[in-house]
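Novice: Show me how the following folds:
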Amino acid sequence: MSQQSQNLKVLLSLCDSGMCPTLYTDSLGRVFVQGSKLASGTRTELGVPENEEVVEIAPELIEFLRSSVVCAIR
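Specialist: Just a heads-up that it's a prediction; the model follows:
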């Protein structure tokens, strides 16, 4: 995936402050997630590469994605 700045559009945000779980999409249909990072010790245990990140995803965001996929299939 390109590291260039994308024009991201908010699909769903769980608050108005911008400091909360959020789903974004870009013009290519890719989905990006904003969430809390894992603790560095846990990242190390999992062996997550430096150029990747693992974030916590709120259940509400997963449910939104599920319902979006079901609606798109119908």
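
Novice: Which parts of the chain are helices?
Specialist: 40-46, 59-73 (DSSP state H).

Novice: Outside of the first one itself, list whatever touches it.
Specialist: Helix 40-46 has contacts (CB atoms under 8 Å, 6 or more residues apart in numbering) with Lys37, Leu38, Glu53, Val54. (Each C-beta comes from the backbone N, C-alpha and C, glycine too.)

Novice: Output the helices of the chain in CSV; the columns should cover distance to Lys9, mean neighbour count and mean pLDDT.
Specialist: Putting the helices of the chain into CSV (distance: least, CB to CB, whole Å; neighbours: other CB atoms under 10 Å; pLDDT from 0 to 100) gives the following:
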stretch, distance to Lys9, mean neighbour count, mean pLDDT
helix 40-46, 29, 10, 92
helix 59-73, 14, 11, 78
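
Novice: I'd like to know which of these lies nearest to Thr25.
Specialist: For Thr25, the closest of the helices of the chain is helix 59-73, at 10.0 Å, according to CB to CB.

Novice: residue ranges with poor pLDDT in the protein?
Specialist: Along the chain, segments meeting pLDDT under 70 span 1-5, 69-74.

Novice: can we see that at 50?
Specialist: 1, 3 (pLDDT under 50).

Novice: Where do the strands of this structure begin and end?
Specialist: For the chain, the strands defined by DSSP state E cover 9-13, 22-25, 31-34.

Novice: Could you export these as TSV, including mean neighbour count and distance to Arg43?
Specialist: As requested, the strands of the chain are exported to TSV (neighbours: other CB atoms under 10 Å; distance: least, CB to CB, whole Å):
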stretch	mean neighbour count	distance to Arg43
strand 9-13	14	25
strand 22-25	19	21
strand 31-34	15	16
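
Novice: Centre-most residue in this protein?
Specialist: Val33 (1.2 Å; CA atoms, centre = their mean).

Novice: ok, what's across the strand from that one?
Specialist: Counting by DSSP bridges, Val33 is bridged to Leu23.

Novice: Quick one: closest of the helices of the chain to Leu11.
Specialist: Using CB to CB, these put helix 59-73 closest to Leu11, at 7.2 Å.
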